[in-house]
Structure formats: C-alpha cells, structure tokens
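Colleague: For reference, the sequence and a predicted model appear below.
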Amino acid sequence: MTYKEAMNELEQIIANMESENCDIDLLAGYTSRATALLKFCKESLFKTNAEVEKCLDELRALTNED
C-alpha cells in the first residue's frame, strides 16, 4: 500500500462516517481500519523524514569538505 492509497481510503472512511446513512454497526470497523491506516501513514512519514534528514546530512558534509 502507498501513502496516497492509505490517505484515499481514510478520506472514504471519513465520508462514510459523516454520511447521514452511516450504519452504526460499521462504526467500530471504520474506526479500527482508520487507526491502522493512520499508523501506516505516520510510520511512512517518519521513515521519509529520516531519509530526507540523512540526505541533508550528507549534503552538509560535502559542503563542509570544500
């Protein structure tokens, strides 16, 4: 799953939950799935941030060598 796919699914879950026709029996499932998707997105963002920081550190090191 990609970050974009997870965000799209989250948006759909939110739309379902906000709908006038939301089935109360599905709310627990929606909440559980949304929590899993949010965890995935958070981990993805932290991983990406770490990779960007590593690249920036490498660039700073190269700049300091000159």
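Modeller: Nice, thanks for sending it over.
Colleague: Please make it C-alpha for all contacts and neighbour counts, starting now.
Modeller: Will do.
Colleague: Pull out the buried residues from the helix or strand containing Val52.
Modeller: Secondary structure assignment for Val52, by DSSP states H and E: helix 27-65. For helix 27-65, the neighbour count (16 or more other C-alpha atoms under 10 Å) marks Tyr30, Ala34, Leu37, Leu38, Phe40, Cys41 as buried.
Colleague: In contact with the fourth one, which residues?
Modeller: This points to Leu38. Residues in contact with Leu38 (C-alpha atoms under 8 Å, 6 or more residues apart in numbering) are Ala6, Leu10.
Colleague: cool, and the last one?
Modeller: Each residue near Cys41 by C-alpha under 8 Å, 6+ apart is listed here: Tyr3, Ala6, Met7.
Colleague: likewise the first one?
Modeller: With contacts taken as C-alpha under 8 Å, 6+ apart, Tyr30 has the following neighbours: Ile13, Met17.
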